[in-house]
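A.B. asks: Give me the fold of what follows.
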Amino acid sequence: MRKKWIIPLLILLLTLCLSGCSSKNNDMKDGFYTAEMSEYSHGWKEYLCIMVKNNTIVYAEFNAKNPSGYIKAWDNAYMRNMYTINGTYPNEYTRYYVAQLIDTQNPDNVDAISGASHSAGNFVKLSKAVIAQAKKGDSATIVVE
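C.D. replies: Numbers count the residues shown, from 1 in each chain. The predicted structure follows:
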């Protein structure tokens with residue numbers, strides 16, 4: 001009677017071990033991870049920093065900086081001008097994109113805001129890059145083309 005249970009038990013243990021090993025390879029490591037675009041666009045270089053805790057993105061900051069390090073979201077004149085032309089501004093769309101990433105944990109599920117679609121494309125690229133870094137546990141800033 002004991003022999004009947006040995007093989008199914010071994011199969012169950014082997015299955016659990018294999019599934020546990022494969023999921024660990026895809027887990028993000030706790031820490032902060034940063035990616036930035038390789039080039040400035042209209043005087044701004046976009047970047048994304050995420051914080052991972054327990055395989056989950058719990059915090060993210062998406063913004064852009066000029067060559068002196070000034071943050072785009074702080075530039076009130078730029079924001080007023082962009083809002084007038086595009087109907088959105090950096091403080092709005094950066095928070096929107098970050099909220100979607102934190103909610104879905106998937107860059108492919110981020111919807112673009114009209115007037116900030118170029119930044120949406122960069123956000124998705126940056127998100128994929130920082131998630132790849134988090135899976136490796138590599139906290140070096142990665143530059144994205």
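A.B. asks: hey, where'd the helices end up in the protein?
C.D. replies: For the chain, the helices defined by DSSP state H cover 2-26, 76-86, 90-104, 117-136.
A.B. asks: Now do the buried residues in the third one.
C.D. replies: Taking 16 or more other Cβ atoms under 10 Å as the neighbour-count basis, helix 90-104 is seen to contain the buried residues 90, 92-94, 96-98, 100-101. Just so you know, the C-beta spots here come from the backbone N, C-alpha and C atoms, and that holds for glycine as well.
A.B. asks: Residue 114: which of these is nearest?
C.D. replies: Closest approach between those and residue 114, by Cβ to Cβ: residue 93, at 9.7 Å.
A.B. asks: which residues does that closest one contact?
C.D. replies: Residue 93 makes contact with 113, 115-116, 119-120, according to Cβ atoms under 8 Å, 6 or more residues apart in numbering.
A.B. asks: out of these, who has the most neighbours?
C.D. replies: The most crowded member of these, judged by other Cβ atoms under 10 Å, is residue 119 (24 neighbours).
A.B. asks: Check the spacing between it and residue 87 real quick.
C.D. replies: 14 Å (Cβ to Cβ, to the nearest Å).
A.B. asks: hang on, the earlier thing: using JSON lines, please lay out the contacts of residue 93 together with pLDDT.
C.D. replies: Formatted as JSON lines, the contacts of residue 93 follow (pLDDT from 0 to 100):
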{"residue": "113", "pLDDT": "92"}
{"residue": "115", "pLDDT": "91"}
{"residue": "116", "pLDDT": "93"}
{"residue": "119", "pLDDT": "95"}
{"residue": "120", "pLDDT": "95"}
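A.B. asks: What separation do you get for the residue positioned nearest the centre of the chain and residue 79?
C.D. replies: Ranked by distance to the mean C-alpha position of the chain (Cα atoms, centre = their mean), the top residue is residue 127 at 3.0 Å. Counting by Cβ to Cβ, the gap from residue 127 to residue 79 is 23 Å.
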